[in-house]
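Visitor: let's see this in three dimensions:
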Amino acid sequence: MTLPELSESARKTLAALLAMGPSSRPQLSAATELSKQTISIAVEELVAEELVEPTSVHQGPTGRAASVYDLGRRSGWLLGVDFGSTHIRLAATSLGGEVLHEEDVAVSQPVNTANADFTEDARMAIAGFIERVSEEGRRLLAACVALSRAVPTLRDWNRVQPGEMFPGDLQRILGGLGIPEEAAFFAENNVNCAALGELRRGAGQEEPDFAYLQVGVGIGAGIVSDARLVRGSRGQAGELRYLPSPLHPGEYVSAENALDAAGMIERFDAVRGAGEPPARSVEDIVARAADGSPTAVEVLDRQADGVALLVAALVAVANPTKVILGGGIGQAPAIAERVAERISRMGLSVLLEPGVLRDSATVAGAVSLAREMALDGLVGPGLGFEIARRHREWSPAPEVAHPSVVSDKDPSLV
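Guide: All right, here's what the predicted structure looks like:
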């Protein structure tokens, strides 16, 4: 693992610098209550590890100048990957949380089935992205990949011991992504990552208890309690797709079959009139409803009925202050407005609003988790969590140049 083993005084000094921003040694001494001599030794240790560097000089009131330190330009970076059902999104942030690069790569295969279809596309995208970001002299400290499946445990997948067994093809998929062995490597469910993204950077920043409900290619929820993600014993908390269908019981295997994009299109085609063409996408159904199609209006109404019942289930089980809607269906205004009407009629005491980060929510959460785990290793779990809560807004950096991968997918289903 790239993370250096720091002395206790260096850990405290780095934590203070991350929390305060550029600081002089006297300021760090006052913040940590460490002696000036101890701070000097700690700063020298951090400089030697290239974690911090002097950036300017501060003129004190007594006329003496003091060097000001900040994170070093070579201190390292964090990688987040949204390995989704129809796309691969990548983002890099500095150890301080600044967005360095963000990239969206189309994929060459049909809609991905639980990440098993285009691992090679993901491996190539990750390798190229790492190479481009590392050209700037930074080292990769940690990575987190968001998967469209439950991940049983939050652990470093580059440190799997011989003989360890994991369900299905998870270990094969993760091993095929080519994350450098010297970096810490974590994986998490994509909806959980989206919830973390909204918690750290978006609509959940002021809400310690909320649920993120994603309805799109699939359905699922990320639950946040006391500003921490609830994973469950096997990483399956919020797997609403296993619920019985809230629409037409018996006709659909599960809530996901009934309410995901494919189910919504299937319902439209089942009830459309003889002269009405098949639906091309969810966006097509929404557009037809806006144009007055009775069939499309009926499908949107039934979709909102189902999503509202999912919200009710989350309220009953998790008691969130807010439910944030995500996914291509969840954030469609015509559907979200109908859901809000039904929530109001049910008398549920919960706020309902769309996510702020939209397509960047999952990758923002993945890179935030990578950063938090790196901070845990550098300054300790308690301090790492607190520092991770002090974040910058998600400000996407310009995409770095990369080879285009042609896709035949319908992006409206994301």
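Visitor: mind listing residues that contact stretch 271-279?
Guide: Identification of contacts with stretch 271-279 by CB atoms under 8 Å, 6 or more residues apart in numbering yields 265, 268-269, 285, 288, 293, 295, 298-299. To be clear about C-beta, it is placed using only N, CA and C from the backbone, and glycine gets the same treatment.
Visitor: among the residues you listed, which are in helices?
Guide: The members of the contacts of stretch 271-279 that map onto helices under DSSP state H are 265, 268-269, 285, 288, 295, 298-299.
Visitor: roughly how far does the residue nearest the centre of the chain sit from residue 243?
Guide: If you average the C-alpha coordinates of the chain and look for the closest C-alpha using CA atoms, centre = their mean, you land on residue 365, 2.2 Å from that point. As judged by CB to CB, to the nearest Å, residue 365 and residue 243 stand 23 Å apart.
Visitor: what domains does the record give for this protein?
Guide: Structural domains of the chain, as assigned by automatic domain parsing, span the residue ranges 8-71, 77-196+360-413, 203-355.
Visitor: so which of the ones you listed gets nearest residue 2?
Guide: Each of the domains of the chain was checked against residue 2 via CB to CB, and the shortest separation belongs to domain 77-196+360-413, namely 5.1 Å.
Visitor: now residue 35: phi and psi?
Guide: The phi and psi torsions at residue 35 (degrees, to the nearest 10) take the values phi -60, psi 160.
Visitor: what about it, how many neighbours?
Guide: 11 (other CB atoms under 10 Å).
Visitor: circling back to that earlier point, Throw the domains of the chain into TSV and include distance to residue 2 and mean pLDDT, thanks.
Guide: Conversion of those to TSV gives the following (distance: least, CB to CB, whole Å; pLDDT from 0 to 100):
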stretch	distance to residue 2	mean pLDDT
domain 8-71	10	89
domain 77-196+360-413	5	82
domain 203-355	24	93
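Visitor: wouldn't the residue nearest to the centre of the chain be in contact with residue 191 here?
Guide: No - using CB atoms under 8 Å as the test, residue 365 is too far from residue 191 to be in contact (9.2 Å).
Visitor: just the buried ones from the contacts of stretch 271-279?
Guide: In terms of neighbour count (16 or more other CB atoms under 10 Å), the buried residues within the contacts of stretch 271-279 are 265, 268, 285, 288, 293, 295, 299.
Visitor: and the two most separated of those residues?
Guide: Based on CB to CB, the longest span within these runs between 265 and 293 and measures 14.0 Å.
Visitor: run the chain-centre distance for the host helix or strand of residue 105.
Guide: Residue 105 is part of strand 99-106, with elements assigned from DSSP states H and E. Between the centre of strand 99-106 and the centre of its chain there are 13 Å (CA atoms, centre = their mean, to the nearest Å).
Visitor: need the helices for the stretch 101-250 of the chain, in chain order.
Guide: Using DSSP state H, counting those that start in this stretch, the helices of the stretch 101-250 of the chain run over 119-134, 170-175, 190-201.
Visitor: in the shortest one, what counts as buried?
Guide: It refers to helix 170-175. Of the residues in helix 170-175, 170, 173-174 count as buried by neighbour count, 16+ other CB under 10 Å.
Visitor: wait, isn't residue 177 in contact with residue 119?
Guide: Yes - in this structure residue 177 lies within contact range of residue 119 using CB under 8 Å: 6.8 Å.
Visitor: state the distance from residue 291 to residue 329.
Guide: Using CB to CB, one gets 19 Å for the distance from residue 291 to residue 329.
Visitor: out of the two, which sits in the more crowded spot?
Guide: Between residue 291 and residue 329, residue 329 has the larger neighbour count (other CB under 10 Å), namely 30 against 9.
Visitor: make sure that one is indeed in a strand.
Guide: No - Residue 329: not assigned to a strand; according to DSSP: H, G, I helix; E, B strand; the rest coil it is helix.
Visitor: contacts only, for it.
Guide: Under the criterion of CB under 8 Å, 6+ apart, the contact partners of residue 329 comprise 215-216, 259-261, 264, 282, 303, 307, 335.
Visitor: try residue 360
Guide: For residue 360, the contacting residues are 89, 91, 102, 197, 394, 396, by CB under 8 Å, 6+ apart.
Visitor: nearest to residue 33 among those residues?
Guide: Proximity to residue 33 was ranked across these by CB to CB; first place goes to residue 394, at 33.9 Å.
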